[in-house]
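Chemist: structure for this input, please:
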Amino acid sequence: MKKLCSLALALLMILGCLAGCGGGDNTGGSNTNGGQQPPAENGGGSTADPVESGGSIGSADAPVDVKVMVKDVFPDEEDVQLLCAAINEKMAAHGQYVNVSFVEPPASSYPTALPLAVMNGEIDADLIYFQGGDQAVSEQGLLEDLTPYIAGSTYVKDLMDESNAAKMKSYPYLLWLAPPRIPSPVIRTDWAEQMDSFDALMADPTVDNYYAFFKELKDKGLVKYALSGDGDTARFNSIFNHAFGVTGTVVQEDGQWIFSKASQAEKAKLEFYAKLYAEGLLDPDYLTNTWDVLEQKFYEGDLAVIAGTAGAVIQIYDTKMVSVNGEEAALTVLPPAKGVSQSYTSVDVTKESRGFAINVDSKNKEAAFAVLEFMASPEGRILDKVGIEGKHYNIENNQIVFTDQFSSWWARFWDTVNKFDPKDPSLAEPVLCESAQKSLDMVNEYMIMDTNLLIPNELSPQWDAMTNLYNEYSSDIIRGVRPVSDFDEFVAKWNEAGGDQFASLLQETFG
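Modeler: A predicted model of the protein is given here:
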């Protein structure tokens, strides 16, 4: 009975931490931890001395075990076994004798099952990759503060961009060296170049010029729809949010901080979406498409513009589009619309949404971080990004030449390509295609950071009700079921459902 009670309590904490989290649109999304910063005893704002990560570890006769758990990484896979052997060998050459192994991840929903297992002491791993649900774990003091380890690092610290550093300062338990997961819009180059309005759009990407571009695509019969989504507006919000003034989780209106979802800026944006819908420029199935249906519409020529995560996803889109339609169909990255502001979706720096944590009960914490540090080093990054020599690539004329098996390789540690430019040997061809790299460059160029609101547990039910109201009214307004004037009715109901209860918290947090 005691065990069941413990599991029930843990589940409630997980559900509380997941409540209100947005799927892909950081604007109006939330995380929960009672509205508080991480408790000081858990390491928030740690002033501990740096932990130097370049020293010797273990010995050839007694390597230090480092167990790693990562979603979708299984210990019996050949590539995983080759990776572990290569890490052990290469770190040993630097006097760091480790025995890295991956442990089986939970079979059920990873974001829910993993934190429950950690809180119940069922995870025997030193390094744990979280993809949600970590706050409940950190609040119990079960995750190591990574601040001193990062301070003593060389390579990890060097690879952190501005948003990584901001997230670690706010929440020092998850480390994820990766670009922001921001949707970046792309279109087939051969389609774009047929449009008279394309040059004007690229030179001055106003909302009006975007509309003219979309309309020309439709009027010329090139595509059925200019835009679509896979269940919500998150993908195309990344194009238009800032242009209309939806610049973050909360915005100032009449001198007060309010949730952007209930702002006049949001109303203006929804009115624009309703115009696109009414004129057949927005796919009427944007709410019911699954991601694979959405992508198929793009590849088959029904959809002109699709927004996918900058970097890796754009790489997939480009590769598939070229394979189906030829080199001339390689993708062009479009800029965010310009208006009140100009940016893709604001980068939420309240905390990392995923990343590596060190188990506070680990007996091998320094060795665990040393593995992360090695994988951030030039030598480790070649291993992580391009795979195993002789299988995924060969060295020819002092260049890394990818084999056919390279396409099946993916980085198990660091997703970033920041500063990845091997010299000896060098890359025979870039890891990312032109459009994938351009998407990352443009996200960095237009990056605006956003601090999200941590929803107090006691207001989670209100937040859920408010979110449901927004989803109902926004979809009805876009589809013409309700007039845009009903947005004011929505705001009144939003405030009654809980917006008024958030008023003082918003002013206190952001004022």
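Chemist: what number of residues lie near L82?
Modeler: 17 (other CB atoms under 10 Å). Where you see a C-beta, it was placed from the backbone N, CA and C, and this is true even at glycine.
Chemist: let me know the average pLDDT across the helix or strand where it lies.
Modeler: According to DSSP states H and E, L82 maps onto helix 78-92. Averaging pLDDT along helix 78-92 yields 97.
Chemist: buried stuff in it?
Modeler: Residues D79, V80, L82, L83, C84, A86, I87, N88, K90, M91, A92 are the ones in helix 78-92 that count as buried (16 or more other CB atoms under 10 Å).
Chemist: ok but S184 is inside a strand, no?
Modeler: Yes - using DSSP: H, G, I helix; E, B strand; the rest coil, the secondary structure at S184 is a strand.
Chemist: wait, what's in contact with it?
Modeler: The contact partners of S184, taken as CB atoms under 8 Å, 6 or more residues apart in numbering, are S238, A307, G308, T309, A310, I314, V333, Y344, S439, M442, V443.
Chemist: so, low pLDDT: which residues of this structure?
Modeler: 1-47 (pLDDT under 70).
Chemist: residue closest to the middle of it?
Modeler: For the chain, R181 is the residue whose C-alpha lies nearest the centre (CA atoms, centre = their mean; 3.0 Å).
Chemist: just the buried ones out of the contacts of S184, please.
Modeler: S238, A307, G308, T309, A310, I314, V333, Y344, S439, M442, V443.
Chemist: which residues are in contact with the second one?
Modeler: Yep, that's A307 we're talking about. Contacts of A307 (CB under 8 Å, 6+ apart): P183, S184, P185, V186, R235, F236, S238, I239.
Chemist: out of those, who has the most neighbours?
Modeler: S184 (31 neighbours).
Chemist: and the gap between it and Y344?
Modeler: Here the distance between S184 and Y344 works out to 6 Å (CB to CB, to the nearest Å).
Chemist: equivalent analysis for G54, please.
Modeler: For G54, the distance to Y344 - CB to CB - is 37 Å.
Chemist: just the contacts of A307 now: which is nearest N325?
Modeler: N325 lies nearest to V186 out of the contacts of A307, by CB to CB, at 13.5 Å.
Chemist: chain neighbours aside, what residue packs nearest to the closest one?
Modeler: L331 (4.2 Å; CB to CB, 6 or more residues apart in numbering).
Chemist: could you do S426 as well?
Modeler: Closest to S426 by CB to CB, 6+ apart is Q399, at 5.5 Å.
Chemist: give me the phi and psi for that neighbour.
Modeler: The phi/psi pair for Q399 (degrees, to the nearest 10) reads phi -130, psi 150.
Chemist: surely it meets P425?
Modeler: Yes - Q399 lies in contact with P425 (CB atoms under 8 Å); the separation is 5.4 Å.
Chemist: for the residue nearest to D302 when sequence neighbours are not counted, give its distance to E300.
Modeler: Nearest non-adjacent residue to D302, counting by CB to CB, 6+ apart: K224, 4.5 Å away. Distance of K224 to E300, computed by CB to CB: 10 Å.
Chemist: of these two, who's got more company?
Modeler: K224 (17 against 12).
Chemist: who are the contact partners of the more buried one?
Modeler: Per CB under 8 Å, 6+ apart, neighbours of K224: K218, G280, D283, K297, D302, L303.
Chemist: could you report the neighbour count for the third one?
Modeler: Here the neighbour count serves as a burial measure; for D283 (other CB under 10 Å) it reads 21.
Chemist: that older thread, which neighbours do S184 and Y344 have in common?
Modeler: Shared contacts of S184 and Y344, counting by CB under 8 Å, 6+ apart, come down to S238, A310, M442, V443.
Chemist: so which residues of the stretch 1-150 of the chain form helices?
Modeler: 2-18, 78-92, 110-119, 134-139, 147-151 (DSSP state H, counting those that start in this stretch).
Chemist: the last one - contacts with which helices or strands?
Modeler: For helix 147-151, the elements it packs on are helix 155-159, helix 365-375, judged by 3 or more CB pairs under 8 Å, 6 or more residues apart in numbering; DSSP states H and E.
Chemist: pick the most buried one from these.
Modeler: Most buried of these, by mean neighbour count (mean count of other CB atoms under 10 Å): helix 365-375, with a mean of 24.
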